[in-house]
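Asks: Just to be clear, the model below is a prediction. Sequence and coordinates:
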Amino acid sequence: MTMRFLGFLLAVGLCIFFIVQKRFRRWNKAGLILASFVLMVVMAWRLLFPLLPPPQPTGTHDVVTEVAFYHYETERSEMATSGDTREIPVRVWRPKDAQTQHHPLFLYSPGSFGAEEANETLFLELASRGYVVMGLNHPYHSYRSTLSDGRKIRVDSAFIKSIMRSQGSKDLPKTLAELRAWSNVRIDDINAVLDQVLDSQMNHHHERYIDRGRIVLSGHSLGGSAALAVGRQRPEDVQALVILEAPFASDIIGIDEDRYVFTDEWYPLPILHIYSDALYARLDEITTYEMNVRLMKSGRPMYVNKHISGVGHFGLTDMSLATPVLTYLLDGGLNTRPAPDALLELNGYVLEFLNAYNK
């Protein structure tokens, strides 16, 4: 339901955006406003009358959910939620019959504007099979954040403009600087939550159930890039990673004319990398993904790559269930198969990988 509501809010935002823009010709502007209004009505209908039921978890455990709030001091004043403190809302999925220090952890960061429930179909499946899953919300990056005191934080407008401005940009230094700035916020958040999970104080109820020797980092898009950075920084704390279509942004060490230069060091952990039709066939053409291609062509079994056909970038998330029309439009019409089928395929790849690399 949250994802449907976010889809509706995004449609409203598009309508307002086109209304206030002055750079469009009158008739073009009228057409865009009309199209976004129609989309807003469709999203409202989808919010009230959802049509695509999510795949049901197949594990043996009943699943419970809870919300926790993690805090840490930040030097990024623009990202603080109170004073010099940043609060990270986290949604947790875990087995109802969880046992102390028995269950592996799956720690997830969503893509730009994404919510902590972005891949809830996967999270429910993992929790039903014994995982504790933690989905991070990133205030000012997620479309909406609700803090422990009830305050609501919307996505930062400067962040939205920066993301939009970078799409298709040929200015590699500027794009890299912005990519690092976005990623660093997520890296700080993941590290702060991971530090608190690994300490001995157990400030949150769900932490008592986590087997700290079996931790998997995951993320979609920008969240995936941040997870890859944390895995590179602290391989001793992580067993493996599950990444949904994201570049190795932190592995970029320089620029050589029209391409990025990446570190020569191999990635130290097993990775399952899942791609959509948005990028899979043209990874060789995008300099941001040169490390992805290098690992894919290495032949090393610890780098597992899968392609889900018939979906686009956002089709790798539950957004395709919640707001299929908006997902279809954002993905440029790439989502041509039933969303439940694609998500079941994704779940299968993740389970197969974790059975091999997170025993």
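Replies: Here it is on my side, so go on. Residues are numbered from 1 along each chain as shown.
Asks: residue ranges of the helices in this protein, please?
Replies: Using DSSP state H, the helices of the chain run over residues 2-20, 26-48, 120-128, 157-166, 172-198, 222-233, 290-296, 319-322, 324-330, 339-357.
Asks: Report all helices and strands that the fourth one contacts.
Replies: Under the contact definition 3 or more Cβ pairs under 8 Å, 6 or more residues apart in numbering; DSSP states H and E, helix 157-166 sits against helix 172-198. Glycine gets a C-beta too; all of them are placed from N, C-alpha and C.
Asks: Any regions of the stretch 1-150 of the chain where pLDDT drops low?
Replies: 1-15, 17-33, 36, 40, 42-52 (pLDDT under 70).
Asks: mind redoing it with 80?
Replies: 1-54 (pLDDT under 80).
Asks: Against Ser183, how distant is the residue nearest to Asp195 when sequence neighbours are not counted?
Replies: Leaving aside its sequence neighbours, Asp195 sits nearest to Tyr72 (Cβ to Cβ, 6 or more residues apart in numbering; 8.0 Å). As judged by Cβ to Cβ, to the nearest Å, Tyr72 and Ser183 stand 17 Å apart.
Asks: Name the surrounding residues that touch stretch 297-306.
Replies: The contact list for stretch 297-306 (Cβ atoms under 8 Å, 6 or more residues apart in numbering) reads 266-267, 269-275, 295-296, 349, 353, 357.
Asks: 7 Å instead, please
Replies: With contacts defined as Cβ atoms under 7 Å, 6 or more residues apart in numbering, stretch 297-306 is touched by Pro270, Ile271, Leu272, His273, Ile274, Leu295, Met296, Tyr349, Phe353.
Asks: thinking again about what came up before, among Tyr72 and Ser183, which residue is more densely surrounded?
Replies: The residue with more neighbours, out of Tyr72 and Ser183, is Ser183; 21 against 16, by other Cβ atoms under 10 Å.
Asks: pretty sure the more buried one contacts Ala249?
Replies: Yes - the pair Ser183 and Ala249 qualifies as a contact (Cβ atoms under 7 Å) at a distance of 5.3 Å.
Asks: okay, and the common contacts of the two?
Replies: In contact with both Ser183 and Ala249: Ser225, using Cβ under 7 Å, 6+ apart.
Asks: which residues sit in contact with the spatially most central residue of the chain?
Replies: Per Cα atoms, centre = their mean, the C-alpha nearest to the average position across the chain is that of Pro110, at 2.0 Å. Listed by Cβ under 7 Å, 6+ apart, the contact partners of Pro110 are Glu116, Ala118, Ser142, His220, Gly223.
Asks: What separation is there between the second one and Met296?
Replies: What it means is Ala118. 24 Å.
Asks: Redo the contacts of Pro110 as CSV? Include distance to Thr58.
Replies: Listed next are these as CSV, based on distance: Cβ to Cβ, whole Å:
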residue, distance to Thr58
Glu116, 23
Ala118, 20
Ser142, 29
His220, 22
Gly223, 25
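Asks: Redo those as JSON lines? Include neighbour count.
Replies: Shown next, in JSON lines, are these (neighbours: other Cβ atoms under 10 Å):
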{"residue": "Glu116", "neighbour count": "25"}
{"residue": "Ala118", "neighbour count": "31"}
{"residue": "Ser142", "neighbour count": "25"}
{"residue": "His220", "neighbour count": "27"}
{"residue": "Gly223", "neighbour count": "30"}
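Asks: Look at Glu66 and say how many residues are nearby.
Replies: Glu66: 12 surrounding residues under other Cβ under 10 Å.
Asks: so what's it closest to, chain neighbours aside?
Replies: Val92 (5.0 Å).
Asks: List the contacts of that neighbour.
Replies: Val92 touches Thr65, Glu66, Ala68, Val132, Val133, Met134, His206, counting by Cβ under 7 Å, 6+ apart.
Asks: check contacts around the residue nearest to Asp62 when sequence neighbours are not counted.
Replies: Closest residue to Asp62 apart from its sequence neighbours, by Cβ to Cβ, 6+ apart: Lys96 at 4.2 Å. Taking Cβ under 7 Å, 6+ apart, we find Lys96 in contact with His61, Asp62, Val63, Val64.
Asks: Quick check: closest non-adjacent residue to the last one.
Replies: With sequence-adjacent residues excluded and distances taken as Cβ to Cβ, 6+ apart, Val64 is closest to Lys96, at 4.8 Å.
Asks: which residues sit in contact with Gly130?
Replies: Here Gly130 is in contact with His61, Pro95, His103 (Cβ under 7 Å, 6+ apart).
Asks: Glu207 is in contact with the last one, correct?
Replies: Spelled out, it's His103. No - using Cβ under 7 Å, His103 makes no contact with Glu207, being 10.7 Å away.
Asks: Tell me how many other residues crowd Asn119.
Replies: 29.
Asks: One more: the one 4 residues further on?
Replies: For Phe123, the tally of surrounding residues (other Cβ under 10 Å) stands at 27.
Asks: Tell me how far it lies from Leu279.
Replies: Counting by Cβ to Cβ - Phe123 and Leu279 are separated by 24 Å.
Asks: Then Pro110?
Replies: For Pro110, the distance to Leu279 - Cβ to Cβ - is 18 Å.
Asks: and what of Pro270?
Replies: Distance from Pro270 to Leu279, by Cβ to Cβ: 21 Å.
Asks: give me the beta-bridge partners of the closest residue to Glu116 other than its chain neighbours?
Replies: Distances taken as Cβ to Cβ, 6+ apart place Gly135 nearest to Glu116, at 3.5 Å, with adjacent residues excluded. Beta-bridge partners for Gly135, by DSSP bridges, are Arg91, Tyr108.
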